[in-house]
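> Sequence first, predicted coordinates after that:
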Amino acid sequence: MTPEQLLREGLAVYGLPADAAAIEGLEEFSRRLLERNQVMNLTAITDPCDVAALHLLDCAYLLTAADFRGKSVVDVGTGAGFPGMPLRILEPNFDLTLLDSLGKRVDFLRETADAMGLRRVRCVHARAEEFARKHREQFDIATSRAVAQLNVLCELTLPLVKVGGRFAAMKSVSTDEEIRQAHSAIAQLGGQLSGVTDYTVPETDVVHRIVSIEKTQHTPKQFPRAFARIKKAPLV
């Protein structure tokens, strides 16, 4: 099966539109990602079919878990642009901020978004905790596919989310204990666990998870702390 067929069939499984422009956009992003990956470390996944399934279709599932249309969205620790870039390619009607602490990755994303003509995309080179201090509660949705523990991710993301908004964390299915241990941190940061959804990436046996956290109260002003403090003493 070709990457195009994988994408078309996978999006159909999710019930998402699989028009030619969306497929072409996803394939172009994949090509640009793999080309730049030859000179800098963006992804360990290098087979085009694996990129289609394990990156693009994996991220696309988020569009079934939340309504992004008309929203302001921040992708925290976006790395090579996941999940933000596939979301933007598939759904153009929202404002997207791609946030990462590594300048070379942000440069790649900015160049790619410009070259592909993707609108309403802002690429920001900053540490999440520093960005959050200046952009408190400005976003409807925060996403993250980062590998940090959930209690750490919540301190970096929930201060960015408006009351009534949500944080969608992409996680593995072996995170039951991690989620349990994060309950207190979520509450301290003004959030409430609203759902855990497991899904199978189409055309694979890979099962991943979306942890949804609703922002129910304002985050206290002492959060987020400096990252050294977050890392040394995570909220419990």
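Sure, I can see it.
> Now Val161. Its backbone dihedrals?
Here is the backbone geometry of Val161 (degrees, to the nearest 10): phi -90, psi 140.
> Wait, it touches Glu214, no?
No: in this structure, Val161 is not within contact of Glu214 by CB atoms under 8 Å, at 9.0 Å. From N, CA and C alone the C-beta is placed, and that goes for glycine too.
> Name the residue in those two with the higher neighbour count.
Using other CB atoms under 10 Å as the criterion, Val161 and Glu214 rank with Val161 on top: 28 against 17.
> Tell me who's in contact with the more buried one.
By CB atoms under 8 Å, 6 or more residues apart in numbering, the residues touching Val161 are Glu137, Phe139, Asp140, Ile141, Ala142, Phe167, Gly191, Lys215.
> Going by neighbour count, which of the residues you listed comes out on top?
Ala142 (30 neighbours).
> Could you verify that that one is part of a helix?
No: counting by DSSP: H, G, I helix; E, B strand; the rest coil, Ala142 is not found in a helix; it is strand.
> hang on, the earlier thing: any residues in contact with both of Val161 and Glu214?
Residues touching both Val161 and Glu214 (CB under 8 Å, 6+ apart) are Gly191.
> for the longest helix seen in the chain, which positions count as buried?
The longest helix of the chain (DSSP state H) is helix 20-37. Using 16 or more other CB atoms under 10 Å as the test for burial, helix 20-37 gives Ala22, Ile23, Gly25, Leu26, Glu27, Phe29, Ser30, Arg32, Leu33, Leu34, Arg36, Asn37.
> Could you work out the most separated pair of the residues you listed?
Across those, the longest distance by CB to CB is 22.4 Å; it joins Ala22 and Asn37.
> And Ala21, how far from Lys162?
31 Å (CB to CB, to the nearest Å).
> what's the answer for Val39, then?
39 Å.
> Which one's more surrounded, the two?
Lys162 (17 against 9).
> Check whether the nearest residue to that one once chain neighbours are set aside sits in a helix, strand or coil.
Among residues not flanking Lys162 along the chain, Glu137 sits closest, at 4.9 Å (CB to CB, 6 or more residues apart in numbering). Following three-state DSSP, Glu137 is assigned to coil.
> pretty sure Glu137 is in contact with His218, am I right?
Yes: with contact taken as CB under 8 Å, Glu137 and His218 are classed as touching, separated by 6.8 Å.
> Overlap of the contact sets of the two?
Taking CB under 8 Å, 6+ apart as the criterion, Glu137 and His218 both touch Val163.
> Next, the buried residues of the host helix or strand of Ala113.
Using DSSP states H and E, Ala113 sits in helix 103-115. Across helix 103-115, burial judged by 16+ other CB under 10 Å covers Arg105, Val106, Phe108, Leu109, Arg110, Thr112, Ala113.
> Okay, now the unreliable bits of this structure?
For the chain, not a single residue meets the criterion pLDDT under 70.
> what pairs with Thr197 across the strands?
On DSSP bridges, the residues paired with Thr197 through beta bridges are Ile210.
> Can you tell me the element the closest residue in space to Leu150 that isn't next to it in sequence falls in?
Spatial nearest neighbour of Leu150, excluding adjacent residues (CB to CB, 6+ apart): Ala182 at 4.0 Å. For Ala182, the host element (DSSP H and E) is helix 176-188.
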